[in-house]
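# build me a structure from this.
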Amino acid sequence: MKIIAFVGLPLSGKSTASSVAKEMGIPVIVMGDIVREEVKKRGLEFNDENAGKIANELREKEGMDAIAKRCIPKIRELNTDVVVIDGIRGIAEVERFKKAFGEDFILISIECPIEVRFKRALTRCRGDDLSIKSIEDLKRRDEREISWGMLDAMNVANLTVENIGSLEDFKDKIKNILKVFTKCVEAEVYVKVNPTEDIEKVKKAVENLFPDIDLEFDESKSVLVGKTNKLDKFRELLRMQRILDTARAELKRGWKGNESTVYINKQAATVSKINFTEENSVLSPIVVTFKVYGINFEHFIDWLAPETKDGKPVKEIELWDSSTTSDV
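Got it, this is the predicted structure:
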């Protein structure tokens, strides 16, 4: 089990990072929820003052690693490959988690200027943010968490991520980091829409292969782009059309590292057929890049397009087999 923890000053982006993990299907333990539960248990209103008071009291009575200790049983109960922890507040918590999980504990520090964090406080409107009316209010909250050893924890992080750009840029950074530690496959799709083509028809062609894909149109480049981690329909079509050998050859031809790019005829896709073509085909193909994290790419090929005999798969395998985990 890999334990990935996010640490950072208030409003630096820890909750956003955790939301990315949730979107990827990774369970998240929010350390602040331990405090929220205690505040609720005592019948108090949840705000910054009460949260700080209870958090301090827990640490005074049970030690600076009190909240971490309460989280560890919750983590172990999950019994999953990867767990994300949101809300490390001090070095004592880091040491407690390292003692419990050893080298499987990975700490990621999120850094963000106070001016940016203050703007977020004014827009997020979460219960414990409502008391932050000025930069000075945020500084006082920083000082409280620094007194718990926050900066010491950030200084021993395995990795540091800056959150100074757009929300999407930050989410992409976090997603790319989490992919290294989790098992994940996805298809990235890129298709040019020619002036004579209907955008909706091209979009439908892609959706015939990947029904759950979320496509966006880039007007400046006249292209549709999107990603999906649901490949069941594509896999089913390969079997229905009995083109597994062709698909296997195309995947191996475009294979580089943990990914492979193939080119699919756009017109064929409009009738839910997969017809592999060349990169420079006249009508511009649907460009699909399969990316794999956490398993060997060759195993992915064997799952998507296995070897055949008389047109039928010799052996069907499970995608997530612990014996095929990659060293990435």
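# helices or strands next to the worst-scoring helix or strand of the chain on mean pLDDT in the packing?
Within the chain, judged by mean pLDDT, DSSP states H and E, the helix or strand with the poorest mean is helix 114-124; its value is a mean of 82. Counting contacts by 3 or more C-beta pairs under 8 Å, 6 or more residues apart in numbering; DSSP states H and E, helix 114-124 is packed against helix 135-146. Where you see a C-beta, it was placed from the backbone N, CA and C, and this is true even at glycine.
# now residue 84, which residues is it bridged with?
Residue 84 has these beta-bridge partners by DSSP bridges: residue 4, residue 28.
# could you do the one 4 residues further on as well?
Here residue 88 sits in beta bridges with residue 7, going by DSSP bridges.
# quick check: the gap between it and residue 7.
Here the criterion is C-beta to C-beta, to the nearest Å. By it, residue 88 lies 4 Å from residue 7.
# one more: residue 44?
26 Å.
# residue 316: neighbour count?
10 (other C-beta atoms under 10 Å).
# same check on residue 72?
Residue 72 has 18 nearby residues by other C-beta under 10 Å.
# quick one: pLDDT of it?
Residue 72 carries a pLDDT score of 94 in this model.
# list phi and psi for it.
Note on residue 72: backbone dihedrals following degrees, to the nearest 10 are phi -60, psi -50.
# chain neighbours aside, what residue packs nearest to it?
Setting aside the residues directly before and after it, residue 72 is nearest to residue 100 in space (C-beta to C-beta, 6 or more residues apart in numbering), at 5.2 Å.
# these two touch, right, the one you found and residue 73?
No - contact criterion C-beta atoms under 8 Å: residue 100 and residue 73 do not qualify, at 10.0 Å.
# of these two, who's got more company?
Neighbours per residue (other C-beta under 10 Å) separate residue 100 from residue 73, with residue 100 holding more: 16 against 8.
# may I ask which helix or strand encompasses the more buried one?
For residue 100, the host element (DSSP states H and E) is helix 91-101.
# partners of the helix or strand just after that helix in the sheet?
Where DSSP H and E defines the elements, the next helix or strand beyond helix 91-101 is strand 105-111. Within its sheet, strand 105-111 is paired with strand 2-7 (parallel), strand 159-162 (parallel), according to DSSP bridges.
# how is this structure partitioned into domains?
By the assignment in automatic domain parsing, the chain contains the domains 2-181, 184-324.
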